[in-house]
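Visitor: based on what follows, work out the 3D shape:
(2 chains)
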Amino acid sequence: DTEVTQTPKHLVMGMTNKKSLKCEQHMGHRAMYWYKQKAKKPPELMFVYSYEKLSINESVPSRFSPECPNSSLLNLHLHALQPEDSALYLCASSQAYSGQPQHFGDGTRLSIL
Amino acid sequence: QQQVKQSPQSLIVQKGGISIINCAYENTAFDYFPWYQQFPGKGPALLIAIRPDVSEKKEGRFTISFNKSAKQFSLHIMDSQPGDSATYFCAASGNTGTASKLTFGTGTRLQVTL
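Guide: Modelled structure (predicted):
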């Protein structure tokens, strides 16, 4: 079992739907990350939160909206997604300074109809 | 300059053999080099990591060799087992202040045969 928990494990949504992905960690980490992973590709960084503040946005389209309500939770709000957004969305956490191991959840498999 | 190049793309090794995966980087500001193992349907799991002040690190059957002057590092899996069959990603990160921004290699699919 991973120490980073993501829900739901699978999500199918239409292009007009609004949904949210959730991530939770209880390791006391103050940095949290969202990644997108396509099949047979490495994870691609989307967003980084440090001390509950957005510190890195890798030019992600506005149809993805991250939120960090507290130090243990990270959400990714989805709206008007495109079929090419179908992917595995991974959450990770780490200590909030450079060179620290990131711990990943098992992801949410998202399919856009 | 942010890329991490990984090879081979795929690898087939017999049970008991040695699996070797290589990575190279350009950015000399990178100061942390982890390896991740990913099974189908799972997230990447940290396997082993090294910092550039060390040339080798061993944990069980897994060893990282690091060559700072060549800007290369490699993962060696000794006595490879079928349960090691997975995708392996090398990664590198530099000083971003309050977070650890990873740059991943392209991945190596390892298959260990009986």
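Visitor: tell me which residue is most central in chain A.
Guide: By Cα atoms, centre = their mean, chain A has its centre lying nearest to residue A:34, at 3.1 Å.
Visitor: how far away is that residue from residue A:53?
Guide: 14 Å (Cβ to Cβ, to the nearest Å). For every residue, glycine as well, the C-beta is placed using N, CA and C.
Visitor: check contacts around the residue nearest to the centre of chain A.
Guide: A:23, A:45-47, A:64, A:66, A:74, A:76, A:89-91 (Cβ atoms under 8 Å, 6 or more residues apart in numbering or on different chains).
Visitor: mind listing what whichever strand or helix holds it pairs with, with the direction of each?
Guide: Counting by DSSP states H and E, the element that carries residue A:34 is strand A:31-37. When pairing is defined by DSSP bridges, strand A:31-37 lines up against strand A:44-50 (antiparallel), strand A:87-94 (antiparallel).
Visitor: quick one: mean pLDDT for the longest one?
Guide: Model confidence over strand A:87-94, given as mean pLDDT, is 97.
Visitor: next helix or strand past that strand?
Guide: Taking DSSP H and E, what comes next after strand A:87-94 is strand A:103-104.
Visitor: got it, and the first one?
Guide: The first helix or strand that comes after strand A:44-50 along the chain, using DSSP H and E, is strand A:53-57.
Visitor: now do the buried residues in that next one.
Guide: In terms of neighbour count (16 or more other Cβ atoms under 10 Å in any protein chain shown), strand A:53-57 has its buried residues at A:55-56.
Visitor: same check on stretch A:16-31?
Guide: Using 16+ other Cβ under 10 Å as the test for burial, stretch A:16-31 gives A:19, A:21-25, A:29-31.
Visitor: mean neighbour count, the strands paired with strand A:31-37: which tops it?
Guide: Of all the strands paired with strand A:31-37, strand A:87-94 carries the top mean neighbour count, a mean of 25, counting by mean count of other Cβ atoms under 10 Å in any protein chain shown.
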